[in-house]
Structures are given as structure tokens and as C-alpha cells.
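**Student:** no FASTA, just this:
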């Protein structure tokens with residue numbers, strides 16, 4: 001009886017290995033899924049890059065001047081502007097997320 005069980009076990013393992021090797025896709029056949037989460041931010045040079053990064057960040061804001069002023073201040077101190085027009089603040093770290101106004105509201109857009 002033992003040789004029969006061994007033969008079944010070997011056949012089962014061979015079948016599983018064969019199935020597993022057939023399920024792998026050919027390289028380049030299946031495009032990679034986009035990464036989850038916010039796109040990575042870039043460390044910016046305050047003298048050069050803050051203006052363009054903040055213009056993009058505040059482009060859809062209802063109060064563009066207020067947003068731009070706060071964004072430029074945060075960019076010059078924290079050296080970072082999150083990607084996109086809203087959200088993703090956590091990608092810039094504690095300097096950007098924990099800075100608050102006198103009214104205890106977040107300073108950086």
C-alpha cells in the first residue's frame with residue numbers, strides 16, 4: 001500500500017508544479033499595474049522650483065493667492081511640495097503635515 005500512496009503523492013506534486021509553471025505570464029505580455037498610493041514627491045530647490053510646483057499644487061484651489069502664499073512658505077522651509085492638486089501631504093513628512101497656523105489649522109496646502 002505504501003508504494004501506491006507514494007505514486008499518488010508524486011503524481012500530485014508533479015501536477016501542481018506543472019500547473020504553477022504554466023500560470024506564469026511571458027515577460028512583457030502583461031503590463032505592470034500602476035503603483036498604489038500617491039506619486040512620489042521631489043525634493044525641490046526653493047530658489048528654483050517652488051514657484052512652478054506651487055502653481056501646479058494650487059491650480060484648482062478656490063483661493064489661489066492664499067494657497068500660493070502658504071505653499072511657497074512651506075516649500076521654502078520644508079523643501080517639498082506634494083504631487084497633485086490636493087491630498088498626498090504625508091509624502092512630504094512631518095515638517096509639511098505638522099505645521100499649523102495660530103488657529104491650529106494646517107498651514108501647508
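**Tutor:** Looks like it arrived, so ask away. Worth saying up front: this structure is predicted, and the values here are computed from it rather than measured. Numbering: from 1, shown residues only.

**Student:** If we go by neighbour counts, what in stretch 51-70 is buried?
**Tutor:** With burial defined by 16 or more other CB atoms under 10 Å, the residues of stretch 51-70 counted as buried are 53-54, 57-58, 61, 67-68, 70. The C-beta positions use only the backbone N, C-alpha and C, and glycine is treated the same way.

**Student:** taking the residues you listed one by one, which sit in strands?
**Tutor:** Residues from the buried residues of stretch 51-70 lying in strands, with DSSP state E as the criterion: none.

**Student:** Flag whichever of those scores worst on pLDDT.
**Tutor:** In terms of pLDDT, the weakest of the buried residues of stretch 51-70 is residue 53, which scores 88.

**Student:** Pull up the gap between that residue and residue 74, please.
**Tutor:** Here residue 53 is placed at a distance of 10 Å from residue 74 (CB to CB, to the nearest Å).

**Student:** what touches both of the two?
**Tutor:** Here residue 53 and residue 74 have residue 81 as joint contacts, going by CB atoms under 8 Å, 6 or more residues apart in numbering.

**Student:** who does the host helix or strand of residue 11 touch, helix- and strand-wise?
**Tutor:** Assigned by DSSP states H and E, residue 11 falls within helix 2-22. Contact partners of helix 2-22 among helices and strands, from 3 or more CB pairs under 8 Å, 6 or more residues apart in numbering; DSSP states H and E: none.

**Student:** Touching it from outside, list them.
**Tutor:** Against helix 2-22 from outside (CB under 8 Å, 6+ apart): no residues.

**Student:** Apart from its chain neighbours, what residue comes closest to residue 60?
**Tutor:** Of all residues not flanking residue 60 in the chain, residue 85 sits nearest, at 4.5 Å (CB to CB, 6 or more residues apart in numbering).
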